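Visitor: No letters, just coordinates:
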């Protein structure tokens, strides 16, 4: 397999790419959305109610601005985070070589991750019925721990992972075989 463009200059001498891919594009719901969607709807509804109430009661302009700030945050929670996550995933690229796992994400949230095969204990496959799935290399960070934007965007999750890839079981087995031998 040829070296995919995002990994040009990152492949070590004697290393060869055995698989490369990208995450699912567009809207992608995660298990965390079971909690985040209701929370975001309640947040946004309350912010709209509060702002409307403050405006209709003739509260000072500061209350309107304060409410609009929370409405904006609510709209991001309800809609914007899905658009943002899809935008970040568009630039994510993954590769498995005979020696390492490679993950690259371009700027403005740029990051390059290289994991030597066999250097981690936990590898987890979460597969859907259609064969698409996520392979996580290491323990996930607690949902509400020190995660920053990654609590709202799976593409920024600090735990190395192949997010929403096609043929996840095949790639998982490939990694397992490469790690074993």
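Guide: Okay, I see it. As the structure is a prediction and not an experimental result, all values here were calculated from the model.

Visitor: how about the helices in this protein?
Guide: Ranges of helices within the chain are 33-56, 61-75, 81-90, 168-180, based on DSSP state H.

Visitor: could these be laid out in a markdown table, adding mean pLDDT?
Guide: As requested, the helices of the chain are exported to a markdown table (pLDDT from 0 to 100):
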| stretch | mean pLDDT |
| --- | --- |
| helix 33-56 | 91 |
| helix 61-75 | 89 |
| helix 81-90 | 93 |
| helix 168-180 | 90 |
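
Visitor: most packed of those?
Guide: helix 81-90 (a mean of 17; mean count of other Cβ atoms under 10 Å). Glycine gets a C-beta too; all of them are placed from N, C-alpha and C.

Visitor: Name the surrounding residues that touch that one.
Guide: The contact list for helix 81-90, computed with Cβ atoms under 8 Å, 6 or more residues apart in numbering, reads 22-28, 36, 40, 76, 105, 109, 152-156, 163-164.

Visitor: Equivalent analysis for stretch 116-130, please.
Guide: Stretch 116-130 is contacted from outside by 98-101, 133-139, 168-169, 172, 175-176, 178-179, using Cβ under 8 Å, 6+ apart.

Visitor: at 6 Å what do you get?
Guide: Stretch 116-130 is contacted from outside by 100, 133-139, 168-169, 172, 178-179, using Cβ atoms under 6 Å, 6 or more residues apart in numbering.

Visitor: Residue 6: which of those is nearest?
Guide: residue 100 (14.3 Å; Cβ to Cβ).

Visitor: ok, back up a step: as TSV, the helices of the chain with distance to residue 123 would be great.
Guide: Output for those, formatted as TSV (distance: least, Cβ to Cβ, whole Å):
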stretch	distance to residue 123
helix 33-56	24
helix 61-75	36
helix 81-90	21
helix 168-180	7
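
Visitor: With residue 8 as the reference, name the closest of the ones you listed.
Guide: So among these, helix 81-90 is nearest, using Cβ to Cβ, at 18.8 Å.

Visitor: Could you tell me how far the closest one lies from the centre of the chain?
Guide: Relative to its chain's centre, helix 81-90 lies at 8 Å (Cα atoms, centre = their mean, to the nearest Å).
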